[in-house]
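A.B. asks: Sharing a model that was predicted from the sequence below.
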Amino acid sequence: MISSNSKSWIPFIFLIVLIGFVIVYVSFGDLFSATRQPVQPSPGCVAIQDNGDSENKIDIVFLPDNFQDAGKFREKTDEMVNTFLSTKPFSEHKESFNFFRIEQFDLDLKCDYEYGGDAIVCDPSAAKSSATLCPHDYVIVAVDSEGIQKLFDLLRSSAWMGIASLNTADDPLVFSHEFAHIFANFADEYEYGGKITWDAPNCDSTWQTCPKFSSVSNSECIQGCVNNENSRSVNVGIMRDYWKSKSYGQYNEYALTSYISKSVESSLDSKIAKSMPINSVELSFVDNQWRILEVKETTGYPDGLNTGVSSKYTLSVQGEETNNLFEINLPIPLLYFDGHDNESNPYYNVSLPNVTSYLVNIPKIEKESRIIVKENDVITSAFNFNQIESMSYNSRSLEIPQTFSSS
């Protein structure tokens, strides 16, 4: 039998147990769940679809440009996301993607609406800087072309270094087309006479027999992928003409699925998927090399790690013992232009700009000593936190041209 005096201690015992549980959870909560729960959006950041991070997700954020109406921005982004998630293989991996949009309509994204005469290209640094309001692996600038659209020609969209600049007046499949560029380095499957200077998963240089595509049944081998020296695996797919096809083709779906799998594998540290102190690293791409220009400390969401494409360029944070504390791939700055001419024919091309600038937003790490850039494991540039000036392992001009020029 419990005495009344003993009963009087029960509330205090319960309180002590509760306090102890709270302390343990706060201190070790990440051990209970090494995943990000559905994000609480920052001011201006709205979750369109947030599956949390029970496995790593691919975070895509939309930024508005030239939109005067929030409702129209929501309608256009919802339409592109719904179309994307209805397209194989993404329709079979919906749970692998998170979508956000930043509903701030005064962002200065420095978009050029006449790049090359007829394409929309937004400044990668400005877009990456604005994207820190939301979780992001890839940044999509949705452009309202009303008031800037040419009379007879549909302004072309572009994709560049993990960022796509989309003309929302185009078919919503333009998002799926551009995403394959920045996500998997897919080439355009239309013959415009260019050269493939990178490993394009959807083109086979052995154009007569296409051994690359033989691993997937019902794949075709059709001459013409950027040029006639390469073949494609489907007659007309999204990468050839997204006005005429709603499918990538079976081999391309297989290739994209493999990139999705790479991207959602267990990552280095789930804690990066939250707003935190970050180092915003400004780089320049000169003479085919990435070089560090400046490092600034700020607060926001760092760049995600869930990019399936491997690269010969990496950016690393090192400790005092030159041990790697953090590493992220740097993209090959291929600039894709995609759209249709006034006769509804695909109008594509790609270039590798000689000079560009780019922001990489990485977590600020305790005991960080320097940031380095490597090309094939060879250091090409470094920034030392204990020194005023950064150093380059190759000489470079201090006068960096503007990112965008008409030449």
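C.D. replies: Sure thing, it's come through. This is a predicted model, so every value here is computed, not measured. Numbering: from 1, shown residues only.
A.B. asks: H136 is in contact with F100, isn't it?
C.D. replies: Yes: in this structure, H136 is within contact of F100 by C-beta atoms under 8 Å, at 7.4 Å. In short, each C-beta sits where N, CA and C put it, glycine included.
A.B. asks: neighbour-wise, which of the two wins?
C.D. replies: Neighbour totals were compared for H136 and F100, and H136 leads with 31 against 26 (other C-beta atoms under 10 Å).
A.B. asks: Check the gap between T298 and T314 for me.
C.D. replies: 22 Å (C-beta to C-beta, to the nearest Å).
A.B. asks: most centrally placed residue in the protein?
C.D. replies: Most central in the chain under C-alpha atoms, centre = their mean is Y138, positioned 2.0 Å from the mean C-alpha point.
A.B. asks: Pull the contacting residues for it.
C.D. replies: 58-61, 162-164, 179, 182-183, 307 (C-beta atoms under 8 Å, 6 or more residues apart in numbering).
A.B. asks: quick check, nearest of the residues you listed to Q49?
C.D. replies: Nearest to Q49 among the contacts of Y138 is I60, at 9.3 Å by C-beta to C-beta.
A.B. asks: Identify the bridge partners of the closest one.
C.D. replies: F99, Y138 (DSSP bridges).
A.B. asks: The nearest residue to N51 once chain neighbours are set aside and G117: what is the separation?
C.D. replies: Nearest non-adjacent residue to N51, counting by C-beta to C-beta, 6 or more residues apart in numbering: E95, 5.2 Å away. As judged by C-beta to C-beta, E95 and G117 stand 41 Å apart.
A.B. asks: Need the overlap of contacts for H136 and F100.
C.D. replies: 59-61.
A.B. asks: shaky segments in the stretch 201-350 of the chain?
C.D. replies: Along the stretch 201-350 of the chain, the parts satisfying pLDDT under 70 run over 266-274, 306-309.
A.B. asks: Look at E95 and G117 and report which has more neighbours.
C.D. replies: Ranked by neighbour count (other C-beta under 10 Å), E95 and G117 place E95 first, with 13 against 9.
A.B. asks: In terms of helix, strand or coil, where does that one fall?
C.D. replies: Of the three states, E95 takes helix according to DSSP: H, G, I helix; E, B strand; the rest coil.
A.B. asks: so how far is D137 from it?
C.D. replies: 15 Å.
A.B. asks: now I372
C.D. replies: Taken as C-beta to C-beta, the span from I372 to D137 is 22 Å.
A.B. asks: Touching, E146 and N66? I think so.
C.D. replies: Yes: counting by C-beta under 8 Å, E146 does reach N66; the two are 7.4 Å apart.
A.B. asks: Which residues are in contact with I163?
C.D. replies: I163 sits in contact with 122, 124, 127-128, 138-141, 182, where contact means C-beta under 8 Å, 6+ apart.
A.B. asks: Over to it: give its phi and psi.
C.D. replies: The phi and psi torsions at I163 (degrees, to the nearest 10) take the values phi -130, psi 130.
A.B. asks: and the residue nearest to it when sequence neighbours are not counted, how many neighbours?
C.D. replies: Nearest residue to I163, sequence neighbours excluded (C-beta to C-beta, 6+ apart): V139, at 4.6 Å. Look at V139: counted by other C-beta under 10 Å, it has 26 neighbours.
A.B. asks: Distance check, V139 against P302.
C.D. replies: 13 Å.
A.B. asks: Mutual contacts of the two, please.
C.D. replies: Here V139 and P302 share no contacting residue, scored by C-beta under 8 Å, 6+ apart.
A.B. asks: Now do the same contact list for Q318.
C.D. replies: 324-325, 368-372.
A.B. asks: Whichever of these end up buried, select them in ChimeraX.
C.D. replies: A single ChimeraX command selects the buried members of the contacts of Q318 (16 or more other C-beta atoms under 10 Å):
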select :368,369,370,371,372
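A.B. asks: I'd like the contacts of Q318 written out as CSV, with secondary structure and distance to N228 added.
C.D. replies: Formatted as CSV, those follow (DSSP: H, G, I helix; E, B strand; the rest coil; distance: C-beta to C-beta, whole Å):
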residue, secondary structure, distance to N228
N324, strand, 44
L325, strand, 47
E368, coil, 50
S369, coil, 51
R370, strand, 47
I371, strand, 43
I372, strand, 41
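A.B. asks: just the contacts of Q318 now: which is nearest A47?
C.D. replies: L325 (29.8 Å).
A.B. asks: could you measure that closest one against P363, distance?
C.D. replies: 9 Å.
A.B. asks: same deal with I238?
C.D. replies: With C-beta to C-beta as the criterion, I238 and P363 are 35 Å apart.
A.B. asks: Can you tell me which of the shared contacts of H136 and F100 lies closest to I222?
C.D. replies: I60 (30.6 Å).
A.B. asks: surely that closest one meets I140?
C.D. replies: Yes: I60 lies in contact with I140 (C-beta under 8 Å); the separation is 6.2 Å.
A.B. asks: Can you list the low-confidence ranges for the stretch 51-200 of the chain?
C.D. replies: Along the stretch 51-200 of the chain, segments meeting pLDDT under 70 span 54-55, 149-153.
A.B. asks: wait, which of the contacts of Y138 is closest to N342?
C.D. replies: Distances from N342 to these, taken by C-beta to C-beta, are shortest for A164, at 23.0 Å.
A.B. asks: tally of neighbours for P89?
C.D. replies: If we define neighbours as other C-beta under 10 Å, then P89 has 18 of them.
A.B. asks: Backbone torsions only: list them for it.
C.D. replies: Per degrees, to the nearest 10, the backbone of P89 is at phi -90, psi 0.
A.B. asks: Could you say which helix or strand holds L63?
C.D. replies: strand 58-65 (DSSP states H and E).
A.B. asks: following that strand, which helix or strand shows up next?
C.D. replies: Strand 58-65 is succeeded, C-terminally, by helix 70-85 (DSSP H and E).
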